[in-house]
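Undergrad: After the sequence you'll find the predicted model.
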Amino acid sequence: MNSQACNQLLMPMTAAEMLENFCKVLPKHVTLIEVGLRDGLQFEEKIVPTLLKREIVLHLAAAGFKHIQVASFVHPGKVPQMADAEKLISALSGISGVAFNALALNMAGVERAISSHLTHIEVSVSASNRHSLNNTGMHAEAALKTGLRMVELSKRHGMHVRAGIQCAFGSGHDEIISEDQIVAAVKDLVAAGADMLCLADTTGMATPISVHRLVCAVMPYVGKLPVVLHLHDTRGLGLVNVMAALSCGITHFDTAIAGMGGCPFIPGAAGNIATEDTLYLLSSLHIETGLNLSKIAACSRDMELFFEKRFPGKVYRHAVYIDF
């Protein structure tokens, strides 16, 4: 990431200069991380069989994904869709070339991940007190302290740790979550040994300006660690926020097939930005991803058939007619 490029985009300039500068700072390659098997499915009541989840993962790997979040180690009573986390991870053993990642919200989740011989984990904490209480039973400050211990335990067992901050762009609960609060959490997570950082717009409150501001505030403290944006499309700004993040040099984004997803603890939460829609946008900007749109869209259509409903994504329904 380039803080100079990010600051350039915020300086007064003519429309022509803005367009020229924007094109100059776009990355040549972007990594999309598929989270539909975790964030996408956790919102659905109809349980997806483990074998079907494995089949979807295999198709996603064949489509070119190198990073797939497949599960979360959470209480099955709260999120029944994730009750087969260990079984699924075991079923995926032996598949090479893909980093399978699962999410943990507490020490018990990390211990389950260790027992599953998982090599990549996301340790996730919320910047919102109310959301953190609903999600983990802990206030945000206590959750962060626990998160640091989770990072340290994961590293001691040789795991690659992605540290995520939920509600980084706001909680929707009439509470102020400042940039300073997020920056302080980032500093702590980096010091604890995180290999990657994720800023999550859990409530879909991010705007292009808030994306610019928070990314620019965080960048001086992350060093060379990759920063992932996890964007939801609750207010229809998901792909606009991708554009803002690209201009700041962000090259990693979470996406979900067909735009599935949402948080069970956020009323009215919408899905993640759709993988196919994001891929189509990036391709239109001549940004490489190494992914095959039609193969990904086939997975989305399989989910549409399984759940017998349409999802928010747009491009997956038409991908068979789209030629890059």
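TA: Thanks, I have it.
Undergrad: how close does residue 57 sit to residue 128?
TA: Per Cβ to Cβ, to the nearest Å, residue 57 is found 31 Å from residue 128. Placement of C-beta: from N, CA and C, glycine included.
Undergrad: no no, residue 304
TA: Taking Cβ to Cβ, one finds residue 304 at 32 Å from residue 128.
Undergrad: Compare these two and say which is more crowded by neighbours.
TA: residue 128 (24 against 18; other Cβ atoms under 10 Å).
Undergrad: Now the more buried one. Nearest residue, chain neighbours left out?
TA: Once flanking residues are discounted, residue 128 sits nearest to residue 171: 3.5 Å by Cβ to Cβ, 6 or more residues apart in numbering.
Undergrad: what's the burial count for the one you found?
TA: Neighbours around residue 171, by other Cβ under 10 Å: 23.
Undergrad: what do you get for residue 283?
TA: Quick note: residue 283 (other Cβ under 10 Å) scores 15 neighbours.
Undergrad: How about the backbone phi and psi for it?
TA: The phi/psi pair for residue 283 (degrees, to the nearest 10) reads phi -60, psi -40.
Undergrad: Let me know the pLDDT of it.
TA: pLDDT, residue 283: 96.
Undergrad: cool, residue 43 as well?
TA: Looking at residue 43, the pLDDT reads 82.
Undergrad: One more: residue 134?
TA: 86.
Undergrad: Pretty sure residue 90 sits against residue 116.
TA: Yes - in this structure residue 90 lies within contact range of residue 116 using Cβ atoms under 8 Å: 7.1 Å.
Undergrad: Tell me which of the two has more neighbours.
TA: Between residue 90 and residue 116, counted using other Cβ under 10 Å, residue 116 has the larger neighbour count: 19 against 14.
Undergrad: residue ranges of the strands in this structure, please?
TA: 31-34, 67-73, 99-104, 120-126, 160-166, 196-201, 227-231, 252-255 (DSSP state E).
Undergrad: Make JSON lines from those and add mean pLDDT and distance to residue 46 to it.
TA: Shown next, in JSON lines, are the strands of the chain (pLDDT from 0 to 100; distance: least, Cβ to Cβ, whole Å):
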{"stretch": "strand 31-34", "mean pLDDT": "98", "distance to residue 46": "20"}
{"stretch": "strand 67-73", "mean pLDDT": "98", "distance to residue 46": "17"}
{"stretch": "strand 99-104", "mean pLDDT": "97", "distance to residue 46": "21"}
{"stretch": "strand 120-126", "mean pLDDT": "97", "distance to residue 46": "25"}
{"stretch": "strand 160-166", "mean pLDDT": "98", "distance to residue 46": "25"}
{"stretch": "strand 196-201", "mean pLDDT": "97", "distance to residue 46": "25"}
{"stretch": "strand 227-231", "mean pLDDT": "97", "distance to residue 46": "24"}
{"stretch": "strand 252-255", "mean pLDDT": "98", "distance to residue 46": "22"}
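Undergrad: ok, back up a step: residues contacting the residue nearest to residue 128?
TA: 126-128, 130-131, 177, 202-203, 205 (Cβ atoms under 8 Å, 6 or more residues apart in numbering).
Undergrad: Roughly how far does it sit from residue 111?
TA: From residue 171 to residue 111 the distance is 28 Å (Cβ to Cβ).
Undergrad: And residue 15, how far from residue 21?
TA: 11 Å.
Undergrad: Among these two, which residue is more densely surrounded?
TA: For residue 15 versus residue 21, neighbours defined as other Cβ under 10 Å are more numerous around residue 21 (15 against 7).
Undergrad: Verify the contact between that one and residue 14 for me.
TA: No - applying Cβ under 8 Å, one finds residue 21 not in contact with residue 14, separated by 10.3 Å.
Undergrad: re earlier: and the pLDDT for the residue nearest to residue 128?
TA: On the pLDDT scale, residue 171 is placed at 88.
Undergrad: Backbone torsions only: list them for it.
TA: phi -110, psi -20.
Undergrad: Check the one 4 residues further on too.
TA: The main-chain torsion angles of residue 175 are listed as degrees, to the nearest 10 and equal phi -120, psi 150.
Undergrad: quick one, what contacts it?
TA: 128-130 are the contacts of residue 175 under Cβ under 8 Å, 6+ apart.
Undergrad: circling back to that earlier point, so of the contacts of residue 171, which ones are in helices?
TA: 130-131 (DSSP state H).
Undergrad: Now flag whichever of the contacts of residue 171 is closest to residue 158.
TA: Ranked by distance to residue 158 (Cβ to Cβ), these are led by residue 126 at 26.6 Å.
Undergrad: I figured the closest one hits residue 136, correct?
TA: Yes - here residue 126 reaches residue 136: they are 7.4 Å apart, a contact under Cβ under 8 Å.
Undergrad: Which of these two has more residues huddled nearby?
TA: residue 126 (30 against 22).
Undergrad: which of the contacts of residue 171 lies closest to residue 41?
TA: For those, the nearest to residue 41 is residue 202 (16.6 Å; Cβ to Cβ).
Undergrad: Correct me if wrong: that closest one contacts residue 232.
TA: Yes - between residue 202 and residue 232 there is a contact at 6.7 Å, judged by Cβ under 8 Å.
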